[in-house]
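> Structural data only, the sequence is not supplied:
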DNA sequence: CATCGTTGCGCAATCGATTGTGCATTATGT
DNA sequence: ACATAATGCACAATCGATTGCGCAACGATG
């Protein structure tokens, strides 16, 4: 092992090795040599030399000169969740297909971290920035705009950039109707049903609540709003909410609309700790996790259509959107045995 | 909205705005101005102008000139799994703490994708490359070496770079003993137990099998090797394996050592489809998923210690390893009710 | 008053790839 | 044979930040 790489390998070195010039080497290596009328013979020789010497283009130099980085950024609340991790994975694969390099940064649903990450992304001269589940997408859009970085919102919409989101209201209504169907099948169509989880400040939760209420109303059921408890996404907040419900009603609700798998985790933990049996209750979860689904096939779960959402995302990047605040809604899928 | 950013904002523009020079602006903005004896007054003025103009350093230019990118790369089999997504998340947070920018790429346990991703990373001049769960880490180390990019292996070890992995053999032995303890508690200490999932080609699976066998042996149990079925990670392969077992033995095993949550998913699906009851069987899984754990608190699960593993990773990066193929083993944790 | 040391800052080269332009050769047309 | 066109390639400027070096202005010292 040498003490250090004696000399970095550049197109200048390659030019000498191949008996040519840097500009020719560059053109050959980046594929524009046809336009420059480089002979096939020389191109082949240069390619051989480059391969032999194990050359690798310096992306920073390329980006600097081209004034475009070939990088596309995404900020994400977290990786550690099947919905978001799947978004990251599909996003990366699609970016790669398009010759773009994806960089993803987690921001923990924290507006300040979101903005810091966006600053980083701008520094790295990303060509676009996808704001996934951002608590404050409009601030990010405003930060990016003067730098010529277009943003697109995913999962949660904003007003200053086009957005791709799930059809939350419709999905929630369908899920709620499925829950009501289960209750009816059990012969207890009028039993109490509650909504747990999410943040009332975020668009998705509000829409889901609207869908939830609409479904109840359509079935002639009126429920007090106190049965709607958007207590945050963290699973920790589920326990106090359930405790309070139990204390007040001296009984568990017959059905629960759970607003995320993270909340579901908290609820399941509470049930286990309290010694209650989850299978006596109808669960509908607006989110999907394969392990949860397979362990509890009777659960009703809504799977957001990540592949389509990401596909639309890239379409928006490629075709300019009709308006700055266009919102594309993607229908999610409802899963669960019709037990 | 302007047709385009009229002029990109650079230190040259800032220098004019602040009535100074590019080199001074640069020094002020990157914090080295004290060394250059720039007056506090001028520094403050430049900072004000920069903030006011919403300036953002061009990282490619900086990287090019400094000959270091400030980027650290990681390749990963997939995001869509709680173990790996957690690794990505912790890695990114730790990198950020150190002023590094993390880029992560999924390679689907495919050696070719691993190498392509490594090429990309080298092109972006990552300062280090972490190969997580790589099927062929040594090839990557060989690719990186001539470019002066140090690699570190995570989760699966290699011979050409230091590695941080879980104590697979110990963990598997402990897990197996816990399973045996459950069997004994049920009064059926000699019932059959099988091992399902993983790849026999990979180090971790081999070590876990060794631990599994060692625990059986220590308890005076000899099991035929045909009960060890490393049928791959995908959940799809679990079904045929279980079908075959059932066909041959006319009964289910009393305990199953499952080698990953992905395999567990396949097994659970099979149980549900076949109408078997999982709770009659002792499950031990060498992997952890919070939802699986909370839905099946009686499951024995091994949680690999991701925070510590990543911490050791960064220590290896900062302190040179004692030898090129040093392997650091991190003890995992065993979870599950002592029901 | 001359010398020397500080303080404060700007000049210009540099990192490596890209690309507009120009200059030799060689083919083609008349 | 001569003008024109096409072919094949190299020169040199450029992207934006960094950094070794040097120079002026000023104060301190003898």
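Sure, I can see it. Worth saying up front: this structure is predicted, and the values here are computed from it rather than measured.

> got the residue ranges for the helices in the stretch 1-150 of chain A?
A:11-18, A:22-30, A:40-53, A:59-66, A:82-97, A:111-123, A:137-144 (DSSP state H, counting those that start in this stretch).

> got CSV for these, with distance to residue A:271, mean pLDDT and mean neighbour count too?
Backbone N, C-alpha and C define where each C-beta goes, glycine included. What follows is the helices of the stretch 1-150 of chain A, written out as CSV (distance: least, Cβ to Cβ, whole Å; pLDDT from 0 to 100; neighbours: other Cβ atoms under 10 Å in any protein chain shown):
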stretch, distance to residue A:271, mean pLDDT, mean neighbour count
helix A:11-18, 64, 96, 18
helix A:22-30, 59, 96, 19
helix A:40-53, 61, 96, 15
helix A:59-66, 51, 97, 18
helix A:82-97, 21, 96, 21
helix A:111-123, 33, 96, 20
helix A:137-144, 35, 97, 22
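
> Next, format these as TSV and append distance to residue B:173.
Listed next are the helices of the stretch 1-150 of chain A as TSV, based on distance: least, Cβ to Cβ, whole Å:
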stretch	distance to residue B:173
helix A:11-18	54
helix A:22-30	53
helix A:40-53	47
helix A:59-66	46
helix A:82-97	31
helix A:111-123	41
helix A:137-144	49
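
> what's the closest of those to residue B:41?
Closest approach to residue B:41 among the helices of the stretch 1-150 of chain A is made by helix A:111-123 (26.4 Å; Cβ to Cβ).

> other SSEs contacting that closest one?
Contacts defined by 3 or more Cβ pairs under 8 Å, 6 or more residues apart in numbering or on different chains; DSSP states H and E place helix A:111-123 against strand A:71-76, strand A:101-106, strand A:128-132, helix A:137-144.

> Following the chain past the longest one, name the next helix or strand.
When you say that, I think you mean helix A:137-144. strand A:150-154 (DSSP states H and E).

> Could I get the buried residue list for stretch A:174-189?
A:174, A:175, A:176, A:177, A:178, A:179, A:180, A:182, A:183 (16 or more other Cβ atoms under 10 Å in any protein chain shown).

> Quickly list what residue A:152 is bridged to.
residue A:130 (DSSP bridges).

> so how many other residues sit close to it?
Neighbourhood size, residue A:152 [other Cβ atoms under 10 Å in any protein chain shown]: 25.

> Quick check: it touching residue A:314?
No - taking Cβ atoms under 8 Å as the definition, residue A:152 is not a contact partner of residue A:314, at 9.3 Å.

> Pick out the residue of the stretch 151-300 of chain A closest to DNA strand D.
residue A:151 (20.8 Å; Cβ to the nearest atom of the strand).

> As a markdown table, the helices and strands packed on helix A:111-123 with distance to residue B:301 would be great.
Formatted as a markdown table, the helices and strands packed on helix A:111-123 follow (distance: least, Cβ to Cβ, whole Å):
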| stretch | distance to residue B:301 |
| --- | --- |
| strand A:71-76 | 26 |
| strand A:101-106 | 24 |
| strand A:128-132 | 29 |
| helix A:137-144 | 37 |
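
> out of these, nearest to residue B:115?
Among those, strand A:101-106 sits nearest to residue B:115 (Cβ to Cβ), with 16.0 Å.

> Any part of that closest one near chain B?
Yes - counting by Cβ under 8 Å from any Cβ of the partner chain, chain B is contacted by strand A:101-106 at A:101, A:103, A:104, A:105, A:106.

> So which of the buried residues of stretch A:174-189 is the closest to residue B:166?
Using Cβ to Cβ, those come closest to residue B:166 at residue A:175, 38.7 Å.

> Hmm, that closest one is touching residue A:334, no?
Yes - judged on Cβ under 8 Å, residue A:175 makes contact with residue A:334 at a distance of 6.0 Å.

> list the residues that contact both of those two?
Taking Cβ atoms under 8 Å, 6 or more residues apart in numbering or on different chains as the contact rule, residue A:175 and residue A:334 both touch A:300, A:302.

> Show me which residues of the stretch 51-200 of chain A are close to chain B?
A:54, A:56-61, A:63-64, A:67, A:69, A:78-82, A:85-86, A:88-89, A:92-93, A:101, A:103-106, A:119-120, A:122-125, A:145-148.

> on that earlier part again, select only the buried ones of the residues of strand A:101-106 next to chain B in ChimeraX?
Command for ChimeraX that selects the buried part of the residues of strand A:101-106 next to chain B, burial taken from 16+ other Cβ under 10 Å:
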select /A:101,103,104,105,106
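
> Okay, the closest residue to DNA strand C within chain A and residue B:292: tell me how far apart.
Nearest residue of chain A to DNA strand C, counting by Cβ to the nearest atom of the strand: residue A:23, 2.6 Å away. Residue A:23 sits 58 Å away from residue B:292, going by Cβ to Cβ, to the nearest Å.

> what does chain A have sitting close to DNA strand C?
Counting by Cβ under 7 Å from any atom of the strand, chain A comes close to DNA strand C at A:8, A:10-12, A:22-23, A:26-27, A:29-30, A:32, A:36, A:57-58, A:61-62, A:64-66.

> same thing but at 6 Å, please
A:8, A:10-11, A:22-23, A:26-27, A:29-30, A:32, A:57-58, A:61-62, A:64-66 (Cβ under 6 Å from any atom of the strand).

> per-residue confidence at residue A:337?
Looking at residue A:337, its pLDDT is 69.

> no wait, residue A:73
98.

> Same question for residue A:223.
So residue A:223 comes in at 76 (pLDDT).

> In space, what's closest to it - neighbours in sequence excluded?
Among residues not flanking residue A:223 along the chain, residue A:216 sits closest, at 5.6 Å (Cβ to Cβ, 6 or more residues apart in numbering or on different chains).

> Doesn't the one you found belong to a helix?
Yes - assessed by DSSP: H, G, I helix; E, B strand; the rest coil, residue A:216 belongs to a helix.

> is it true that it touches residue A:225?
No - using Cβ under 8 Å, residue A:216 makes no contact with residue A:225, being 11.2 Å away.

> Please identify which of these two sits among more neighbours.
residue A:216 (20 against 9).

> check contacts around the more buried one.
A:176, A:180, A:193, A:222, A:223.

> what bits of the stretch 201-339 of chain A have low per-residue confidence?
A:337-339 (pLDDT under 70).

> now the strands for it?
A:228-229, A:231-232, A:255-258, A:282-285, A:300-303, A:327-330, A:333-335 (DSSP state E, counting those that start in this stretch).

> does residue A:163 have beta-bridge partners, and which?
Applying DSSP bridges, one finds that residue A:163 bridges with residue A:153, residue A:327.

> from what I can see it touches residue A:151, true?
No - using Cβ under 8 Å, residue A:163 is not in contact with residue A:151, being 9.8 Å away.

> what's the overlap in contacts for these two?
residue A:137.

> Neighbours of residue A:210, how many?
Count around residue A:210 with other Cβ under 10 Å applied: 14.
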